[in-house]
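K.L.:
what's the 3D shape of this:
(3 chains)
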Amino acid sequence: MRRSLNEPVLSVRDLVIQYEGAGGVVQAVRGVHFDLAPDESLAVIGESGCGKTTLGLALMGLLPKSARIVAGQILYRTRDGRVTDVVRLSGRELRDFRWKECAMVFQGALNAFNPVLKIWDQVLDTAGAHGLHDRTRVREQCERLLRLVQLDPGRVLQSYPHELSGGMRQRVMIALSLLLEPRLVIYDEPTTALDILTQRAIIEVLRSLRQELGFAMVFISHDLPLAAELADRVATMYAGRIVELAPVRDLFYRPRHPYTRGLLRAVPPVSGPLTTVASIPGSPPSLAELPPGCSFAPRCELATDRCRSDDPPLCMVGADHWSACHYWSAVSLDRRTERLGGASHA
Amino acid sequence: MSVHNTLPRRQRSVLGLVAAWLADLFRHDKAGFLGLVSVVFFVGLAVLGPLVVPEPGKPDVTKIYQPPSLEHPLGTDYEGRDVLTQVLRGGRSIILVAVLAALLSTAIAITFGSLAAYLGGAVDSVTGLVTDVVLTVPQFPLLVVLSAFVKLDRPWLLALLIGLLSWPTLLRAVRAQVLSLKEREYVEAARALGLSTFHILFREILPNMAPYIVMSFTIGVTAAMYAQVGLYFLGLAPLAGENWGIMLNLAWIRGAIFFKNSVLYILAPVLAIALLQLSLVTAARSLEGLFNPRLRES
Amino acid sequence: MPEPLLELHGVSVHFRRGRTLLRAVEEVSFCLELGDVLCLVGESGSGKTTLGRVAAGLLRPTSGSVRYRGQDVWHLPANAFRSFRRAVQIVHQDPYASLNPIRTVEDTLVAPLLHHRIARNRVDAVERAARLLELVDLVPPEQFLPKYPHQLSGGQRQRVSIARALTVGPELIVADEATSMVDVSIRVSLLHTLRRLREELGVAFLFITHDLAMAKYFAWQGRIAVLYLGRVVELGPTPSVIGHPLHPYTQALLAAIPEPDPDLTRQKAKLLLRSLDIPSLANLPSGCPFHPRCLHFVAGLCDVERPLLDAVDGQRAVACHIVQQERTGSDALQSRREAPTSGNDERLSLERG
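P.N.:
Okay, the predicted model is just below:
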């Protein structure tokens, strides 16, 4: 154990984020609250429009101008034990915070490089911008990281971005995010749009990097299998809230929120016999017009009048297992295997 | 049971749609609304002008180059005729010819541009070749040369000539747009459904370009107005009747520019032309809201 | 024996990009009967979308033939070609590009009904359109008819696309990643709808996807064809291809796919590959296109000779020297050697003429 697990590296406290536009106010994040231990890997899963990307941007202090943090704190514990609230950092302090303390790899990493500069020049620029001017040290560090993501540093550093494939660029991005040894890295859809074999390579790279370097990781994805691969804990987001938060095995095998259960049922495994597959009826609500009470109630088979009037808070329902459902105890998952072709239409 | 009976009205009537759009325009886009009002005013003047001001101004040698006065708000010209009367009556032929010319060039550009792009192959090559040839011909000098052979005294002849020379730029733009739109998946789906080329071009593709076509039409009107005024100003078209171009020509060659009192006389047709252009462009831009269902509903 | 509904025979599609020739699809053959399901599974650049467009008659293959009920569609008179076109419909991937943004759902559905005189008049057409919307689970239909695409969710748009394909009563639907851009929670219900159409209307499906889980679920009773760099490397009934993959590429894919099950997926965690680099279509490897990445690579064989798609048992076929060697011993290899690639060229030139 490298560091004390008692002190979380990141604590998000009742975070509320709104977008204000011509169409009125949209609450993208509604009271998100969690802790992240050093060395821990947290997956935030949810569908498009659930607020997960906004959350990721907020953690990095990268929110667009139209977004406003209405309430809450994003507390980050630096190496020397100081606690800073990212929400309150100024432009200058934010730049220092990014990369050094916390790095982010975007889904659009393929376009994150400047097409007319060689990779090595871009590495130097990034390092220089954060006060790292010792070329040989940067070079050594960089080569070590590139070898960790199974790339040939000599070749990659002398290449222009277009000379690398999508998977290679994504791995370079992952390596570079660790250049300044941040304690936390945020990955937004790190493997989306990549081929399965490349995806597998990146998963393995991330896993071994974390074993080697021991940083905390938050990854944001719509992809359940990815969470199953890489997360220690998983948070399910729906309509701007975390509706379930649990250790990965608990969440996948004993979900306590009907939305999580619905997602799990909707994603069949590839190996093994044909299993029951069912989707969640209806579609996710618009964040601009949320239903009263529990926002999942209109799609939920367990919903009663109580759900339609009061929004359940996130409560502890087991060891380190949190669910925002009045009827969490009634939620159960059974992955029944079926006879050939007999999948029910549920 | 007929489903149709239970259906809500298919769409609002065109009139209702336009009314709603106008109201929206008035609320959110004042400039566009003003431009539209101004265009309506100018067109109205072109159509109704001769009714409002039935007589051309009478010459009066005792009132040559008068400064503005109550009787003659914009002064008088070299023959003592009222300038305001001329400005009011002078838009008619210019606007008429410009609209005809722009209609012609836009029609040519849309038809052949979209066919060339959609059908490709030989049609595209031939269209491209003709376009390039017409494009490389300097328009205005050609008009000048033609005016030596053809007497440009009939409006439709002038419109025809200008229209026939000014389609290539728009055609190229239409072709490029259709080329990109025809790769859209909904166009491919329409092909798979066996819908006719006509349907695909005129119902699926071109309506998506409506705002762009309207804008191009406006620019076509503008260009045709410049071309005419230029011809009249240089005296290459017969100076019969009255219009803004002839006014400028006469003001120039009869020496009005040397009279301080005639500033408004010279400026009046220029301002009329400039104002019309400006309102055309703002009005055309505001039309986007009428064509795009996404903008329409808010 | 009646002719198959659709048969692709030795289809190749080459694109020219500047001075380079891209071999997007190379020598692909398969056939589909009414009610059949065939999944084309492959990653980006495998040629699966190109093949879908060839099957739908939207793209003419460079060589090879597409036969609809026994007749080569590219040599049909215009009339017959149009009826083939109508029999095969396509549902695209992107719900945001597949509907015309300025036309309402009603306009979109009514146009083909009127154009092909399937409906007597507009009222009849609207009624039929409403019934089609019910068929794809967009109820109540009168709520959806006057909507513009931007007023619908991604899943609803895909359903409208399916309804549009159904207007002309197709016999085969090419679903090109039709479910992949739709949210996870809705994807399965869209798949259910497609399955129901297959069962109720007897429509055949060419289901194109990169997602093996979706392929497995949709085509459990059908077949899967695994594509790699424009070639079919493995073809067989879905349960056996997924349960016992034979081709090293299929094996690598299946071993690599993350599963929505933490214990299961963390056991996998291995990459059955020699190299991560995907060769470019403009510069394909010699011999077997997979050999630079294959764990079972045999020098002098795999990098020299292109394996053909050969039957392994009654229902399965694999394009791999190693699998063939294991199955039939070395005599198969001998016969392979006697059939050099020039034989293929001869067939190509025949079909071009």
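K.L.:
Ignoring the adjacent residues along the chain, who's closest to C:A165?
P.N.:
Of all residues not flanking C:A165 in the chain, C:Q89 sits nearest, at 3.6 Å (Cβ to Cβ, 6 or more residues apart in numbering or on different chains). Backbone N, C-alpha and C define where each C-beta goes, glycine included.
K.L.:
Can I take it that the one you found is in a strand?
P.N.:
Yes: assessed with DSSP: H, G, I helix; E, B strand; the rest coil, C:Q89 lies in a strand.
K.L.:
If it is in a bridge, with which residues?
P.N.:
Going by DSSP bridges, C:Q89 is paired in beta bridges with C:I173.
K.L.:
Next, the contact list for C:P2, please.
P.N.:
Contact partners of C:P2, counting by Cβ atoms under 8 Å, 6 or more residues apart in numbering or on different chains, are absent.
K.L.:
Next one, pLDDT for it please.
P.N.:
Per-residue pLDDT puts C:P2 at 71.
K.L.:
Helix, strand or coil: sort out it for me.
P.N.:
Assigned by three-state DSSP, the conformation of C:P2 is coil.
K.L.:
mind checking pLDDT for A:G342?
P.N.:
With respect to pLDDT, A:G342 scores 38.
K.L.:
Could you point out the helix or strand that follows the helix or strand containing C:V126?
P.N.:
Taking DSSP states H and E as the definition, one finds C:V126 inside helix C:122-135. Once the chain leaves helix C:122-135, the next helix or strand it forms, by DSSP H and E, is helix C:141-144.
K.L.:
Could you check how far that following helix is from the centre of its chain?
P.N.:
32 Å (Cα atoms, centre = their mean, to the nearest Å).
K.L.:
Now do that helix: which elements does it pack against?
P.N.:
Helix C:141-144 sits against helix B:3-6, helix C:122-135, with contacts defined as 3 or more Cβ pairs under 8 Å, 6 or more residues apart in numbering or on different chains; DSSP states H and E.
K.L.:
secondary structure element for the closest residue to B:A251 other than its chain neighbours?
P.N.:
Spatially, and ignoring its direct neighbours in sequence, B:A251 is nearest to B:I266 (5.0 Å; Cβ to Cβ, 6+ apart). Secondary structure assigned from DSSP H and E places B:I266 in helix B:263-286.
K.L.:
So C:P101 is in contact with B:P207, correct?
P.N.:
No: between C:P101 and B:P207 there is no contact, the gap being 9.8 Å when judged by Cβ atoms under 8 Å.
K.L.:
Report the closest residue of the stretch 1-150 of chain C relative to chain A.
P.N.:
When scored by Cβ to the nearest Cβ, the stretch 1-150 of chain C has C:E43 as its residue closest to chain A, at 4.1 Å.
K.L.:
Show me the helices in chain C, by range?
P.N.:
Remark: helices assigned in chain C by DSSP state H are C:48-55, C:78-87, C:105-115, C:122-135, C:141-144, C:154-166, C:184-201, C:212-218, C:238-243, C:248-256, C:262-268, C:321-328, C:330-338, C:342-352.
K.L.:
can you list the residues that contact the second one?
P.N.:
Helix C:78-87 is contacted from outside by B:191-194, C:56-57, C:68, C:71, C:73-74, C:76, C:116, C:168-172, using Cβ under 8 Å, 6+ apart.
K.L.:
Chain A next: which of those residues are close?
P.N.:
Among the contacts of helix C:78-87, no residue is within reach of chain A (Cβ under 8 Å from any Cβ of the partner chain).
K.L.:
Are any of those residues buried, and if so which?
P.N.:
Among those, those buried by neighbour count (16 or more other Cβ atoms under 10 Å in any protein chain shown) are B:191-194, C:56-57, C:68, C:71, C:73, C:76, C:116, C:168, C:170-172.
K.L.:
Give me the pLDDT value at whichever residue of the stretch 1-150 of chain B sits closest to chain A.
P.N.:
Taking Cβ to the nearest Cβ, chain A has its nearest neighbour within the stretch 1-150 of chain B at B:H28, 10.0 Å off. You'll see B:H28 listed with a pLDDT of 77.
K.L.:
What of C:V28?
P.N.:
pLDDT, the model's per-residue confidence, is 94 for C:V28.
K.L.:
Next one: the closest residue to A:Q141 other than its chain neighbours from A:G128, what distance?
P.N.:
Excluding its sequence neighbours, the residue lying closest to A:Q141 (Cβ to Cβ, 6+ apart) is A:L179, at 6.3 Å. Separation of A:L179 from A:G128 (Cβ to Cβ, to the nearest Å) stands at 11 Å.
K.L.:
before we move on, the earlier item: now the helices of chain C as CSV including mean pLDDT and mean neighbour count?
P.N.:
Shown next, in CSV, are the helices of chain C (pLDDT from 0 to 100; neighbours: other Cβ atoms under 10 Å in any protein chain shown):
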stretch, mean pLDDT, mean neighbour count
helix C:48-55, 94, 24
helix C:78-87, 91, 16
helix C:105-115, 94, 22
helix C:122-135, 95, 20
helix C:141-144, 93, 20
helix C:154-166, 93, 25
helix C:184-201, 89, 20
helix C:212-218, 90, 24
helix C:238-243, 93, 20
helix C:248-256, 92, 22
helix C:262-268, 85, 17
helix C:321-328, 85, 18
helix C:330-338, 48, 11
helix C:342-352, 34, 12
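K.L.:
Grab the most central residue of chain B for me.
P.N.:
Per Cα atoms, centre = their mean, the C-alpha nearest to the average position across chain B is that of B:V221, at 2.3 Å.
K.L.:
returning to what we had before: I'd say the residue of the stretch 1-150 of chain C closest to chain A and A:L197 touch.
P.N.:
Yes: here C:E43 reaches A:L197: they are 7.5 Å apart, a contact under Cβ under 8 Å.
K.L.:
Same drill for these two, tell me which one is more crowded.
P.N.:
Applying other Cβ atoms under 10 Å in any protein chain shown to C:E43 and A:L197 shows that A:L197 carries more neighbours, namely 22 against 19.
K.L.:
Would you mind confirming that A:S221 makes contact with A:I203?
P.N.:
No: contact criterion Cβ under 8 Å: A:S221 and A:I203 do not qualify, at 11.5 Å.
K.L.:
Give the residues shared as contacts by the two.
P.N.:
With Cβ under 8 Å, 6+ apart, A:S221 and A:I203 have common neighbours A:T191.
K.L.:
Run through the residues that contact A:R171.
P.N.:
Counting by Cβ under 8 Å, 6+ apart, A:R171 touches A:V149, A:Q150, A:L151, A:A201, A:I202, A:V205.
K.L.:
List only buried entries from those.
P.N.:
Applying 16+ other Cβ under 10 Å to these flags A:V149, A:L151, A:A201, A:I202, A:V205 as buried.
K.L.:
among those residues, which are in reach of chain C?
P.N.:
Among the buried ones among the contacts of A:R171, proximity to chain C is found for A:A201 (Cβ under 8 Å from any Cβ).
K.L.:
Inside helices: which ones of the buried ones among the contacts of A:R171?
P.N.:
Members of those lying in helices (criterion: DSSP H): A:A201, A:I202, A:V205.
K.L.:
tell me the pLDDT at the first one?
P.N.:
At A:A201 the predicted local distance difference test score is 84.
K.L.:
Pull up the overlap in contacts between C:E43 and A:L197.
P.N.:
Residues touching both C:E43 and A:L197 by Cβ under 8 Å, 6+ apart: none at all.
K.L.:
Give the burial count for B:Y265, as a bare number.
P.N.:
Counted with other Cβ under 10 Å, residues neighbouring B:Y265 total 28.
K.L.:
ok, so what distance separates it from B:G241?
P.N.:
Using Cβ to Cβ, B:Y265 is found at 18 Å from B:G241.
K.L.:
now C:R17
P.N.:
59 Å.
K.L.:
More neighbours: which of the two?
P.N.:
Higher neighbour count among C:R17 and B:G241: B:G241, with 13 against 9, using other Cβ under 10 Å.
K.L.:
How about the more buried one, nearest residue that isn't a chain neighbour?
P.N.:
Nearest non-adjacent residue to B:G241 (Cβ to Cβ, 6+ apart): B:S93, at 6.8 Å.
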